Each structure stands twice: as structure tokens, then as C-alpha cells.
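*Asks:* Got a sequence here, can you model it:
(one chain, ligands or ions: 3)
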Amino acid sequence: MKYEETWNEVEEYISRKVIREPPYMESALKRSINSGIPQISVPVTEGKLINIMAKAINAKKALEIGVLWGYGTMNIASAMGNDGMVTGLERVEKHAEIARQNIKEAGLESRVEIRTGDAMESLISMRDSREGPFDLIFIDADKGPYADYFRICLDLSHQGTIIFVDNMVWRGRIIESDSTDEDVIGIRRLYDELEKQDGIDATVIQSVGSKGYDGFAVIRVLRDTHK
Ligand code: SAH
Ligand code: DHB
Ligand code: MG
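*Replies:* Numbers count the residues shown, from 1 in each chain. Ligands and ions are numbered 1, 2, ... in the order given. The predicted structure is shown next:
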């Protein structure tokens, strides 16, 4: 892609000029690299947006589906006061372990609980036990069940809940209507769900940079949907 080099340089410029991150983010990133965790956390520009959004809505209860090494988690937890709580769902034990270390080193452990296991199982038991409602939800795990995650997240929402969803452009592959790829199909199912849901306000922003060509959805729940 012709613009790739420019995108990366621009991202680097933006990061340097405008993104302020706490010093623990750098050592957390290093720990993730040293432990061989895939480098698929959200771009810093998106992480900062989630952080600002959490502050803007004064989020006190947040849910993250797909924690990895805790970058998104820490962006949400650091936006909260000591009365805040982030619940993170992560299937891979090693990711959860590194994330817990990072979160502890950041001094955020009293505001974060990471639950290991399959996200769908965790979400179903959360709904069954009437957990929530959450003020902010970040969906960023496997793409196949995205629409199912979203529907269950509505059951864990209240009026005004903000739902962020990463990877909503997937290198542009989301327009491949005849795709047999389970990720593409999964993300497209979420678009179908967004199309037919009338209780939400939503947008998708395309993005480029070090994490390639992708994008994210920002959704606001219009009515109380807590089950
Ligand atoms: N939100 C993170 C990045 C998440 S990457 C950030 O921006 O910092 C996706 C994560 O989802 C990976 O850690 C992966 O192990 C996890 N994951 C994938 N499928 C899952 C599932 N079914 N249940 C729980 N976690 C899952
Ligand atoms: C990939 C990127 C992501 O942001 C994610 O959540 C999962 C996978 C990837 O590039 O493979
Ligand atoms: Mg992602």
C-alpha cells in the first residue's frame, strides 16, 4: 500500500506530540514483548480515545472482552477513581497472567478483576447472575462470535452505556459479502445486528497506522436494556 510508510510516520508523530501515557505503559509493553505475546493491542490513538471516553462518561463499571496484556484494561482503569471496577475476560491463561502483573505494577489492581475462561461462558454466567449494568464495554476478543457478544452486552447495559468494538474494518475485508472466513463473517454479522437494532446510536471510524488498516465502532445504548 502506497501510503503505509506515511501512516506509520504520522502515527509516530501523533503519539509523540499529543498522546500522554503513564510511564508504566512502556514497561507493560516491554513485558508483553519479552513474553512473546502477540502485538495486537489497540493502537495508542484508540487506547487514548477509550481512556478519554471513560473519563467523559465518568465510567465506574467497565467490561473488557479480550484483555491480552492489559493495555485496554489499563486505559480504562486509569480513567477511573478508586471506586471504579474493570472486569476483563481472557481465555489465554498466559495473557491473563501477564496482564495481572502489568496491572499490579501500575498500581491498578484494586480496580481490575481478570477472569480467565471463554468469554461467552463468562458473559452468560454474568447475565444469569445479573451482573452489571456496565457504563463502558470494550469488545475485542475473537471475531466469530462478535454479534453474540454484542447482544449479550446489551443485556449488561443501561441507557447511555458506551460499547466500543475493535477491528470493525479488518483491512477492508468486511465488504467481502461472499467471504468464507469466520472472522469476516463474524464481523459482518455484527454489522447486520447494528443495522436491525433500533435502540442504539452507532458509528464506525476507519483507522490506519502501525496496526494496519482497521477501525472501531462506538455505540451508545439508547434505552435501559439490562436483563
Ligand atoms: N483489548 C486488548 C487486545 C485484545 S487482543 C487491548 O487492546 O489491549 C484479543 C484477546 O482476546 C487475546 O488476548 C485473546 O487471547 C483473547 N480471546 C480470543 N478469543 C477469546 C475468547 N473466546 N474468550 C476470551 N478471550 C478470548
Ligand atoms: C488481530 C488484531 C486485533 O486487534 C485483534 O483484536 C485480534 C487479532 C490481528 O491482527 O490478528
Ligand atoms: Mg483488536
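
*Asks:* As a check, name the ranges of all strands in this structure.
*Replies:* With strands called from DSSP state E, the chain shows them at 61-65, 85-90, 112-116, 134-139, 157-166, 200-207, 214-221.

*Asks:* can you redo those strands as CSV with mean pLDDT?
*Replies:* Listed next are the strands of the chain as CSV, based on pLDDT from 0 to 100:
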stretch, mean pLDDT
strand 61-65, 99
strand 85-90, 98
strand 112-116, 98
strand 134-139, 99
strand 157-166, 98
strand 200-207, 98
strand 214-221, 98
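
*Asks:* quick one: which of those strands is nearest ligand 2?
*Replies:* Closest approach to ligand 2 among those (CB to the nearest ligand atom): strand 157-166, 5.1 Å. All C-beta atoms are positioned from the backbone trio N, CA, C, and that covers glycine.

*Asks:* And the contacts of that closest one?
*Replies:* 42, 46, 50, 53, 57, 59, 132-140, 146, 150, 153, 190, 214, 216-226 (CB atoms under 8 Å, 6 or more residues apart in numbering).

*Asks:* And for stretch 46-53?
*Replies:* Stretch 46-53 has contacts (CB under 8 Å, 6+ apart) with 19, 21, 41-42, 59, 71-72, 75-76, 78-79, 136, 138, 162, 164, 166, 207, 216, 218.

*Asks:* which of the residues in that stretch are buried?
*Replies:* For stretch 46-53, a neighbour-count test (16 or more other CB atoms under 10 Å) marks 46-51, 53 as buried.
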